[in-house]
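# Could you look at this predicted model? Sequence included:
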Amino acid sequence: MSDERRVQEVLARYVRATDRRDGKAQGALFTDDAVVQIFVRTGSDYEPFGEPLIGGAGVEYAVTHLMASHPEGGSSHHTTSDHIIEVNGDSARLSAQFVVFAVQASPRPVHGWPAGAFGAQGTVRPVESGYYETDLRRIGSEWKIVNHRVLMDMPIAVPGN
């Protein structure tokens, strides 16, 4: 497997861990001194949102304790595209676009699906988009995230603000 493919796979594991709300798996993708910062679009520019997370332990804590759980029958799917990967020795830079879809499965009716019902039952809707700008370092045989910037296309509302 090429270094570029290994770097891309780190991002795939990152988004899948996010979708599963698996803080331990996601935190394991980062170095102990990694910096993670979310930015939100404000007009034509971005501004930091909140304080940066530090290290895999900070990421694990945030995913485990701060991310909202999925509702019953709900899930999310992060998709990434247009990966630009530059590898220079033991350092790499990855840029990718992302879209997050909220998925809500319809509960199966007690007496079964109505006549004419066919296929997947529920909704899928896009809820977030933006870019990941990520720096990685090869440590032993693994690529780890050392700096991760999440550039959200929209502002984030927080209750009480």
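Sure thing, it's come through.
# Can you tell me what sits against stretch 54-71?
With contact meaning CB atoms under 8 Å, 6 or more residues apart in numbering, stretch 54-71 is reached by 17-18, 21-24, 26-36, 53, 76, 104. All C-beta atoms are positioned from the backbone trio N, CA, C, and that covers glycine.
# what comes up buried for the lengthiest strand in the chain?
When the chain is scanned for its longest strand (criterion: DSSP state E), the result is strand 122-139. Residues E128, G130, Y131, Y132, E133, T134, L136, R137, R138 are the ones in strand 122-139 that count as buried (16 or more other CB atoms under 10 Å).
# so how far is G58 from the fifth one?
Taking CB to CB, to the nearest Å as the measure, E133 falls 18 Å from G58.
# tell me the pLDDT at G160?
Note on G160: pLDDT of 72.
# Report the contact partners of R149.
By CB under 8 Å, 6+ apart, the contact set of R149 is V36, Q37, I38, F39, Y132, E133, T134.
# Repeat the analysis, applying 6 Å as the threshold.
Q37, E133 (CB atoms under 6 Å, 6 or more residues apart in numbering).
# Which residues does it form beta bridges with?
Q37, E133 (DSSP bridges).
# What average pLDDT does the longest helix seen in the chain get?
Longest helix in the chain, counting residues (DSSP state H): helix 3-20. Per-residue pLDDT values over helix 3-20 give a mean of 97.
# picking up where we left off before, name the helices or strands packed onto the longest strand of the chain?
Secondary-structure packing of strand 122-139 (3 or more CB pairs under 6 Å, 6 or more residues apart in numbering; DSSP states H and E): strand 91-105, strand 142-152.
# measure P159 to G23 for me?
Distance, P159 to G23, using CB to CB: 22 Å.
# tell me the contacts of the residue lying farthest from the centre of the chain?
Going by CA atoms, centre = their mean, the residue of the chain most distant from its centre is A115, 38.4 Å out. Residues counted as contacts of A115 (CB under 6 Å, 6+ apart): none.
# Closest to H83 out of the buried residues of strand 122-139?
Nearest to H83 out of those is Y132 (CB to CB; 9.3 Å).
# Quick check: nearest residue in space to that closest one, chain neighbours excluded?
Spatial nearest neighbour of Y132, chain neighbours left out: A96 (5.0 Å); criterion: CB to CB, 6 or more residues apart in numbering.
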